[in-house]
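J.: Output the structure for:
(chains A and B)
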Amino acid sequence: MTQATTPPAAAPAATGAPQTAIRLRGLQKHFGDVAAVDGVDLDIADGEFFSMLGPSGSGKTTVLRLIAGFESASAGTVELGGVDVTKAAPFERDVHTVFQDYALFPHMSVLDNVAYGLRVRGMAKKQRRERAQQALDTVRLGHLGSRRPTQLSGGQRQRVALARAIVLEPRVLLLDEPLGALDLKLREQMQVELKQLQRELGITFVFVTHDQEEALTLSDRIAVFDAGRIQQLGTPQEIYEQPSSAYVAGFVGTTNLLDAETSQRLLGVAAEHALRPERLRLTPANDTESADAGEVRIPAVVVETIYLGTGNRVHLRTEDGLELVALEQSTGSLDDSGHRGEQVTVRFARADVVALTPAP
Amino acid sequence: MTLSTTAKRLLAAVTFGVLALIYLPLLVVVANSVNSNESMTWPPDHLTFEWWQRAWHSAGARDALLTSLEVGAVATGIALVLGTLLAMALQRYSFFGKNTVNLLVILPIALPGVVTGIALNNGFRGILGIDLTLWTIVIAHATFCIVTVFNNVQARLRRMGTSLEEASADLGAGVFTTFRLVTLPQLRSALLAGGMLAFALSFDEIIVTTFTAGDGATTLPIWILNNMFRPNQAPVVNVVAVVLIVFSIIPVWLAQRLSSDVDAVR
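T.: Modelled structure (predicted):
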């Protein structure tokens, strides 16, 4: 297991050293013979926007459910704010969850849904309704309190679920793929709102997602999960620019993987390397532009060009059969470069190639 | 899939024939309850409500009706509590022997009534040494009434999933608060459906009742059986049969409408 030794990012509202909101040590969860979580150590700082990124079945949701208390750990410990809660029931933990399916109570009005947590804490009706109304105002749904959850759109339900959790002023908010069910436009809008909300409230957000772009956009730090383990832990920049393994490089964004043999030929180093498509530059095959010392040049032929709106994704094949993908920014011209079958020169800087640690 | 015209007509005829076979005799019973001819000649020549009046004033029939209502209500009550608890246990918790318990709970509805009847009769009198009373009928009925409640509640719990209950716990509610504020309201229509089916089952049960009824505990079906072949009671029996039909059909019909778990009505 490879983990970057990055210290937790400073909390936005840091007063002195950031406290640890969540501490996981040697956490394991087995379902029968399957290890869903296979030894996770993690510290999440107070006020951090932390994402757990991975494909389905990678263990990220199980880690979230272990923090919330819906699953009991097979081994290891969960600490919240310095207190060991490994054996505590969900209702004894000061964390609240925004569920993937929102889990709003269908037999209650929106306002009663939001007031639920206050109600079970024994707060008087008038007072809890006021607080719930405030929370609904925060998510800009103040006018819909008397509706039933079924009468709301997906985005509105999402916000009710958020209001229901934040009205209790938890230290930690757990979000289980909260935007998964929304369409693209709404998802992008909710991403901005989530980020703003998190900044305003100063609550620790633990965000589970399989969407690498979402994780990169929102997070202070990301843990990339695979097979029940953290494959890499770091800031979005670190994860994207310096993926530690072929797995991370392939899961987060598109990447060109250069195997040891190819790397030996192109770079003179016999180890696996990753190269982001946007780092490749294409010039005509017969160009006379001189190469500086740090640049690698390879002749290639264009296999396919895919128009993306913001640019072109160009699939290339070199003379010795290496397949590469390049991303070209749109120039605004209606006739961009890279026609199928065209001979080109692929150029990239040595500094842009990232060495990967070999798979264990 | 499209069917040929001949096949469609054939199917329609068979369907109609089977339905007629089931429901025509019922209609005859209803018609005979207002047939003025005491020997029930067909077709009836005059309408009369004399039999209804006689049935109303028949102390035996009225007592039997009350007994049946009482047995049905208490057995349903027991079934609602125990069936719900069982369904919660089997759907929400895991424990040793869970599948066996599941099977054992459902079994009474599949067992032949005569077997259940004899077994309970032996159990009550031989093993426990208690006399048969109204309450032995209630307990006997509860054994199969539990199944309908259990099935309805279990199907609802399964469809509901655990996320609402998890959300409730997550927001700070303990186990009982969650059950009261979240689970129970979600189960309401399933309980109503299961309860009404249970009541209908109990109301027209005769075999198990025969073996578990004490002296003087006569339910409506037993009263019918006892009076059916007495010529002067025959018209009244028809009336009582109609009452039985109504009390059995309405709950089942309501239960069907209430519960979309049509697959799990029994």
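J.: what sits against the closest residue to B:Ala75 other than its chain neighbours?
T.: Take B:Ala75 and drop its neighbours on the chain: the residue closest to it by Cβ to Cβ, 6 or more residues apart in numbering or on different chains is B:His141, 3.8 Å away. Every residue, glycine included, has its C-beta placed from N, CA and C. By Cβ atoms under 8 Å, 6 or more residues apart in numbering or on different chains, the residues touching B:His141 are B:71-72, B:75, B:201-202, B:205, B:208-209.
J.: Return the distance of B:His141 relative to chain A.
T.: For B:His141, the distance to chain A equals 31 Å [Cβ to the nearest Cβ, to the nearest Å].
J.: Locate A:Ile306 within the secondary structure: which element?
T.: strand A:295-307 (DSSP states H and E).
J.: Can you pull out the residues in contact with that strand?
T.: Residues external to strand A:295-307 that are found in contact with it (Cβ under 8 Å, 6+ apart): A:266-267, A:285, A:291, A:312-319, A:322-324, A:336, A:338-350.
J.: Report all helices and strands that the longest helix seen in chain A contacts.
T.: As assigned by DSSP state H, the longest helix anywhere in chain A is helix A:184-201. Applying 3 or more Cβ pairs under 8 Å, 6 or more residues apart in numbering or on different chains; DSSP states H and E, one finds that helix A:184-201 contacts helix A:154-166, strand A:204-209, helix A:212-218.
J.: which one of these lies closest to A:Leu174?
T.: A:Leu174 lies closest to strand A:204-209 among those, at 5.0 Å (Cβ to Cβ).
J.: Distance from the chain centre to the closest one, please.
T.: 8 Å (Cα atoms, centre = their mean, to the nearest Å).
J.: Narrow the contacts of B:His141 to just the buried residues.
T.: Burial by neighbour count, 16 or more other Cβ atoms under 10 Å in any protein chain shown: within those this picks out B:71-72, B:75, B:201-202, B:205, B:208-209.
J.: Skipping its backbone neighbours, what lies nearest B:Val236 in space?
T.: B:Val236 sits nearest to B:Ala55 (Cβ to Cβ, 6+ apart), 4.6 Å away.
J.: Let me see the contact set for that neighbour.
T.: Contact analysis of B:Ala55 by Cβ under 8 Å, 6+ apart lists B:61, B:236, B:239-240, B:243.
J.: what about 10 Å?
T.: B:33, B:49, B:61-62, B:65, B:233, B:235-240, B:242-243 (Cβ atoms under 10 Å, 6 or more residues apart in numbering or on different chains).
J.: now A:Ala227
T.: Contact analysis of A:Ala227 by Cβ under 10 Å, 6+ apart lists A:35-38, A:54-55, A:57-59, A:247.
J.: out of the residues you listed, which are buried?
T.: Among these, those that count as buried by neighbour count (16+ other Cβ under 10 Å) are A:35-38, A:54, A:58-59, A:247.
J.: Count the neighbours of residue 164 for me.
T.: Going with chain A. A:Arg164 is flanked by 31 other residues according to other Cβ atoms under 10 Å in any protein chain shown.
J.: ah, no, chain B please
T.: For B:Leu164, using other Cβ under 10 Å, the count is 21.
J.: Test my guess that it contacts B:Thr183.
T.: Yes - B:Leu164 lies in contact with B:Thr183 (Cβ atoms under 10 Å); the separation is 7.7 Å.
J.: tell me, what's touching the two both at once?
T.: Jointly contacting B:Leu164 and B:Thr183 under the rule Cβ under 10 Å, 6+ apart is no residue at all.
J.: State the pLDDT value of B:Met40.
T.: For B:Met40, the model assigns a pLDDT of 66.
J.: Also A:Leu24?
T.: Here the pLDDT value assigned to A:Leu24 is 95.
J.: if I pick it, what's in contact with it?
T.: Shown in contact with A:Leu24 (Cβ under 10 Å, 6+ apart): A:37, A:39-44, A:63, A:66-67, A:73, A:76-79, A:86, A:230.
J.: Could you do A:Pro55 as well?
T.: Contacts of A:Pro55 (Cβ under 10 Å, 6+ apart): A:210, A:225-227, A:251.
J.: hmm, which two among those are most spread apart?
T.: Greatest spacing in these, by Cβ to Cβ: A:His210 and A:Ala227 (14.6 Å).
J.: rewinding a little: give me the buried positions along the strand holding A:Ile306.
T.: Buried residues in strand A:295-307, counted by 16+ other Cβ under 10 Å: A:296, A:298, A:300, A:302, A:305.
J.: Looks like B:Pro43 contacts B:Ser36 (just checking).
T.: No - contact between B:Pro43 and B:Ser36 fails when scored by Cβ under 10 Å: they sit 11.4 Å apart.
J.: Spell out which residues of the stretch 51-200 of chain B are next to chain A.
T.: In this structure, the stretch 51-200 of chain B approaches chain A at residues B:160-175, B:177-178, B:181-182, B:184-186, B:188, judged by Cβ under 10 Å from any Cβ of the partner chain.
J.: what about the strands in chain B?
T.: Applying DSSP state E to chain B gives no strands.
J.: Need the residue closest to the centroid of it.
T.: Nearest to the geometric centre of chain B sits B:Leu201, at 1.6 Å (Cα atoms, centre = their mean).
J.: In contact with that one, which residues?
T.: Taking Cβ under 10 Å, 6+ apart as the criterion, B:Leu201 is in contact with B:72, B:75-76, B:79, B:109, B:141, B:144-145, B:147-148, B:248, B:251-252, B:266.
J.: likewise A:Lys195?
T.: Going by Cβ under 10 Å, 6+ apart, A:Lys195 touches A:49, A:205, A:217-219.
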